[in-house]
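Asks: My questions concern the predicted model and sequence given below.
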Amino acid sequence: MSVSDNIKYFLTNEIPSNVKLIAVSKTKSVETILEAYQSGHRIFGENKVQELVDKYHALPKDIEWHMIGHVQSNKVKYIAPFVSLIHGVDSFKLLQVINKEGEKKKRKINCLLQFHIAKEETKFGLDLVEANEFLSSEEFENLKNVCICGVMGMATYTEDLDLIRSEFKELVYIFNQLKNTYLPNSDFTEISMGMSGDYKIAIEEGATMVRIGSLLFGARNYIQ
């Protein structure tokens, strides 16, 4: 099936209407993304800042670009003018930088707090203690150019489905804790979890966004 057919299939058969499909287009060509765009899809995710900036300039401006990878503080300025959502906010320092760049661009930048829920040490993310600490601070209250829209997490890369499910449950628990304690506002609604290998479990456990790449676009194109 074509990319366009894959997206239509997923939206019709795999993804409930209350869950957003983030088409992960990293390493894919402008032409391939345009094919997905022409199917009517508008939400795409990239994990490298330079690639995201290049594609933003090359593609239609009604695309909703999500930064789903780890973001270095010194690169926030390149995506601040246009990014729709930054999924990987894994420190208060990074949140402060995003706020500063949002202020410069006179816009409020939507963010998700990334939590470390996997058993793998290689994954980035906050823990609940860290998040509680800064969310209860006056410094956080002073950030007027960021909007915390929810949480994001990546499960362990494993065939142990019970472990994956338990990690997704942990992220939902964190979301509920934060919503009840610090972020009762109507903007705090998103749980971004689940990728090509585990999106079905993520949806069962309460994901509002799933990040799917290879099942839509095929294997990644790595350039040496």
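Replies: Received it, and whenever you're ready, just let me know what you need. Numbering: from 1, shown residues only.
Asks: who's in contact with stretch 42-54?
Replies: Contacts with stretch 42-54, where a contact means C-beta atoms under 8 Å, 6 or more residues apart in numbering, come from 20-27, 33, 36, 55, 62-72, 75, 78-79, 83-84, 87, 211, 213. The way it works is simple: take the backbone N, C-alpha and C, and place the C-beta from them, glycine included.
Asks: If we go by neighbour counts, what in stretch 159-173 is buried?
Replies: Of the residues in stretch 159-173, Ile164, Arg165, Glu167, Phe168, Glu170, Leu171, Val172 count as buried by neighbour count, 16 or more other C-beta atoms under 10 Å.
Asks: just to confirm, which helix or strand has the residue lying closest to the first one once chain neighbours are set aside in it?
Replies: So the one you mean is Ile164. Take Ile164 and drop its neighbours on the chain: the residue closest to it by C-beta to C-beta, 6 or more residues apart in numbering is Ala155, 4.4 Å away. Using DSSP states H and E, Ala155 sits in no helix or strand.
Asks: my read: Ala155 touches Ser192, true?
Replies: No. Applying C-beta atoms under 8 Å, one finds Ala155 not in contact with Ser192, separated by 12.0 Å.
Asks: The chain: helices as residue ranges?
Replies: With DSSP state H as the criterion, the chain has helices at 3-9, 30-38, 49-58, 76-79, 92-104, 128-135, 138-141, 161-181, 199-205, 214-217.
Asks: To Phe115, which of those helices lies closest?
Replies: The closest of those to Phe115 is helix 161-181. By C-beta to C-beta, the value is 5.5 Å.
Asks: Using CSV, write out every CA atom in stretch 113-120.
Replies: The C-alpha coordinates for stretch 113-120 follow below in CSV (Å, rounded to 0.1, in the frame of the first residue of the first chain):
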residue,chain,number,x,y,z
LEU,A,113,6.6,17.0,30.0
GLN,A,114,8.6,13.8,29.2
PHE,A,115,8.8,11.2,32.0
HIS,A,116,11.3,8.4,32.3
ILE,A,117,9.0,5.4,32.5
ALA,A,118,11.2,2.7,30.8
LYS,A,119,13.6,0.3,32.5
GLU,A,120,16.3,1.4,30.0
